[in-house]
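1. can you look at this prediction? I've put the sequence above it.
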Amino acid sequence: MRMAVMAAGAVGGYFGARMAAAGHDVTFIARGAHRDAIRRDGLRIESALGDLHLKDLNVTDDPKQVGPVDVVLFAVKLWDTERAGEQTRPLVGSNTRVMTLQNGVDSVERLAPILGDDVTIGGATYIVTTIAKPGVIRHTGARAEVRCGRLDRRPDAVLAGYVQQMKAANIEITLTDHMLLDIWKKFVLLSGTSGITASTRQALGVIRDDEDMRALFYKLMHETIAVGRAAGVEFPPDFAAELDRWVASFAPTMKASMANDLEAGNRLELDWLAGKVLALGRKYAIATPAHEAVYAILKPYRMGRVK
């Protein structure tokens, strides 16, 4: 399989490295110091599921140098979706599938007008990764899961074949015909973990053990469920219990990517996480006071560190 990782950040870089280690032809799209480190020293993965150090990788900042591939792992930050989508065009051929491994709930509807409905595939990831330093991706916890599928639930034999190859590379990936629900399940969890860990500047273990912070955490998630239901998402009756299991499974040191970006002084995905819940709440007349508070607290940092 020919694969391109757009871009080779913490999530895309991790799964791309697993595919490269299994012998697939993977090109990593990266920029700046991270690109330079991969070219010079290779890409390191630090993970309880197995460390990797891959050298002599294909890495570039110009997708035009790559040409059409079978699969694009589309894992850019949410504010960069449209620009990166345009840059992805040279990677798309007649049988290419672009798998969105982004946060939020609107990646497919933003990317499909650029790349096409047949090409754009919904995805959701359950993994906690960070770029520890340029060229080094650190995976914490024991979960590294991908779910993917078409939002319109059409059968896709080409996609199914690619998923089988990814499974053979020991990636835990599931092809689902309930992708919209899976995206929203992830969004519920992420809107809670991102909002609470970023606004409190605390790891999840501290939050779980504190009655007040835990209550706010769950309020964030239940507000997201409410706006999702208003938007037509049918959450299963046992979803509350599923959320409890997910929350209990996280390492005590876990912080969502937005909290890590906040600490690093980077731009935040706030407008597509808490901000998206706010927008949907207004659209459907659903009160979202917890997300309103998170948005107000973090708004000064949404474009990066305050000078």
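-> Received it, and whenever you're ready, just let me know what you need.

2. which residues of the stretch 1-150 of the chain fall in strands?
-> All strands of the stretch 1-150 of the chain, identified by DSSP state E, counting those that start in this stretch, fall at 2-6, 25-29, 43-46, 52-54, 58-60, 69-74, 92-100, 120-133, 136-149.

3. any idea which of these gets closest to residue 262?
-> strand 120-133 (12.7 Å; Cβ to Cβ). To be clear about C-beta, it is placed using only N, CA and C from the backbone, and glycine gets the same treatment.

4. please name the strands paired to the closest one in the sheet, noting orientation.
-> Here strand 120-133 has these sheet partners by DSSP bridges: strand 92-100 (parallel), strand 136-149 (antiparallel).

5. can you add mean pLDDT, distance to residue 83 and mean neighbour count and give those strands back as TSV?
-> Putting the strands paired with strand 120-133 into TSV (pLDDT from 0 to 100; distance: least, Cβ to Cβ, whole Å; neighbours: other Cβ atoms under 10 Å) gives the following:
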stretch	mean pLDDT	distance to residue 83	mean neighbour count
strand 92-100	97	15	20
strand 136-149	95	23	19
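
6. returning to what we had before: in JSON lines: the strands of the stretch 1-150 of the chain, plus distance to residue 197.
-> Listed next are those as JSON lines, based on distance: least, Cβ to Cβ, whole Å:
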{"stretch": "strand 2-6", "distance to residue 197": "26"}
{"stretch": "strand 25-29", "distance to residue 197": "28"}
{"stretch": "strand 43-46", "distance to residue 197": "21"}
{"stretch": "strand 52-54", "distance to residue 197": "27"}
{"stretch": "strand 58-60", "distance to residue 197": "31"}
{"stretch": "strand 69-74", "distance to residue 197": "25"}
{"stretch": "strand 92-100", "distance to residue 197": "23"}
{"stretch": "strand 120-133", "distance to residue 197": "11"}
{"stretch": "strand 136-149", "distance to residue 197": "13"}
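
7. of all the ones you listed, which lies closest to residue 224?
-> Nearest of these to residue 224, taken as Cβ to Cβ: strand 120-133 at 14.3 Å.

8. check which residues of the closest one are buried.
-> 120-131 (16 or more other Cβ atoms under 10 Å).

9. that strand - what's its average pLDDT?
-> Across strand 120-133, pLDDT averages out at 95.

10. mind listing the helices for the stretch 101-250 of the chain?
-> 107-115, 157-168, 179-200, 204-209, 211-230, 239-249 (DSSP state H, counting those that start in this stretch).

11. ok, and what's touching stretch 196-214?
-> With contacts defined as Cβ atoms under 8 Å, 6 or more residues apart in numbering, stretch 196-214 is touched by 193, 216-217, 220, 247-248, 250-256, 258-259, 262-263, 268, 293-294, 297-298.

12. again but with stretch 125-136, I slipped
-> With Cβ under 8 Å, 6+ apart as the test, stretch 125-136 has contacts from 9-11, 13-15, 32-34, 36-38, 40-44, 46, 101, 137-141, 143-147, 186, 250-251, 254, 257, 260.

13. rerun at 6 Å
-> 10-11, 14, 33-34, 37-38, 41, 44, 101, 137-141, 143-146, 254, 260 (Cβ atoms under 6 Å, 6 or more residues apart in numbering).

14. out of the helices of the stretch 101-250 of the chain, which one sits most buried?
-> helix 179-200 (a mean of 24; mean count of other Cβ atoms under 10 Å).

15. how distant is it from the center of its chain?
-> 10 Å (Cα atoms, centre = their mean, to the nearest Å).

16. now the angle from that helix to helix 107-115?
-> With axes from the mean of the first three to the mean of the last three Cα atoms, to 10 degrees applied, the angle from helix 179-200 to helix 107-115 works out at 110 degrees.

17. low-confidence ranges, the stretch 151-300 of the chain, go.
-> Counting by pLDDT under 70, the stretch 151-300 of the chain has no low-confidence residues at all.

18. nearest residue to residue 156 other than its sequence neighbours?
-> Closest residue in space to residue 156, ignoring its immediate chain neighbours: residue 150 at 5.9 Å, by Cβ to Cβ, 6 or more residues apart in numbering.

19. count the neighbours of that neighbour for me.
-> Around residue 150 there are 21 other residues, counting by other Cβ atoms under 10 Å.

20. roughly how far apart are it and residue 285?
-> According to Cβ to Cβ, to the nearest Å, residue 150 and residue 285 sit 31 Å apart.

21. what do you get for residue 123?
-> 31 Å.

22. now the most centrally placed residue in the chain. Nearest residue, chain neighbours left out?
-> The residue lying closest to the centre of the chain (Cα atoms, centre = their mean) is residue 102, at 3.4 Å. Of all residues not flanking residue 102 in the chain, residue 78 sits nearest, at 5.9 Å (Cβ to Cβ, 6+ apart).
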